[in-house]
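Asker: attaching a predicted model along with its sequence, questions to come.
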Amino acid sequence: MRALELGFPGDMRAELNSLVLAGKKIATTCLLNEYAEEAEGLEYVSERQSLLEDEGRSIATLEYTSVEVKPFTEVTWEHAKAEGEGDASLEDWRDVHRRFWGRSGTPVEDHTAVVCLAFRVVGRS
């Protein structure tokens with residue numbers, strides 16, 4: 001089973017994982033080019049993945065309910081809100097994500113391809 005690690009290790013990952021386990025975070029967004037860099041295929045609807053904590057231990061099993069590839073500026077408010085991170089608007093969500101990916105060394109433009117993933121927790125480890 002493939003695995004998913006959210007955000008940066010440490011406080012950010014712990015917070016994001018806790019939102020998933022609480023049922024508040026049911027979506028995430030990834031950069032399409034990261035799949036090529038990691039030689040990994042896209043997720044698919046009904047695929048299950050382990051949600052990992054910092055030490056690589058599985059804390060839950062997720063099942064994908066939606067997988068969409070689109071330009072960054074076409075991410076909907078519904079998807080952004082489903083990420084459950086408390087953004088007040090789509091513009092706030094865009095700003096937070098541009099900063100996050102920028103810190104990772106990947107500036108995000110309006111046309112940058114992203115993968116919008118929706119999921120549900122189907123088991124806890």
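Answerer: Perfect, I can see it now. Numbers count the residues shown, from 1 in each chain.
Asker: mind listing what's buried in the lowest-mean-pLDDT helix or strand in the chain?
Answerer: Within the chain, confidence by mean pLDDT, DSSP states H and E is lowest for helix 32-37 among all helices and strands, at a mean of 90. Applying a neighbour-count criterion of 16 or more other C-beta atoms under 10 Å, one finds residue 35 buried in helix 32-37. No exception for glycine: its C-beta is placed from N, CA and C like everyone else's.
Asker: name the helices or strands packed onto the biggest helix by length in the chain?
Answerer: Counting by DSSP state H, the longest helix found in the chain is helix 90-103. Other elements packing on helix 90-103 under the criterion 3 or more C-beta pairs under 8 Å, 6 or more residues apart in numbering; DSSP states H and E are helix 77-82.
Asker: which residue would you name as the spatial centre of this structure?
Answerer: Within the chain, the residue whose C-alpha comes closest to the C-alpha centroid is residue 28; the distance, by C-alpha atoms, centre = their mean, is 2.6 Å.
Asker: in the sheet, who's paired with it?
Answerer: In this structure, residue 28 has beta-bridge partners residue 117, where bridges are defined by DSSP bridges.
Asker: find me the pLDDT at it, would you?
Answerer: The score at residue 28 is 98. That number is its pLDDT.
Asker: picking that back up, contacting residues around the longest helix of the chain?
Answerer: With contact meaning C-beta atoms under 8 Å, 6 or more residues apart in numbering, helix 90-103 is reached by 7, 29, 31, 72-73, 75-77, 80, 83, 85, 87, 107-108.
Asker: of these, which is the most crowded?
Answerer: Counting neighbours by other C-beta atoms under 10 Å, residue 83 comes out on top of the contacts of helix 90-103 with 24 neighbours.
Asker: so residue 33 makes contact with residue 107?
Answerer: No. Using C-beta atoms under 8 Å as the test, residue 33 is too far from residue 107 to be in contact (11.5 Å).
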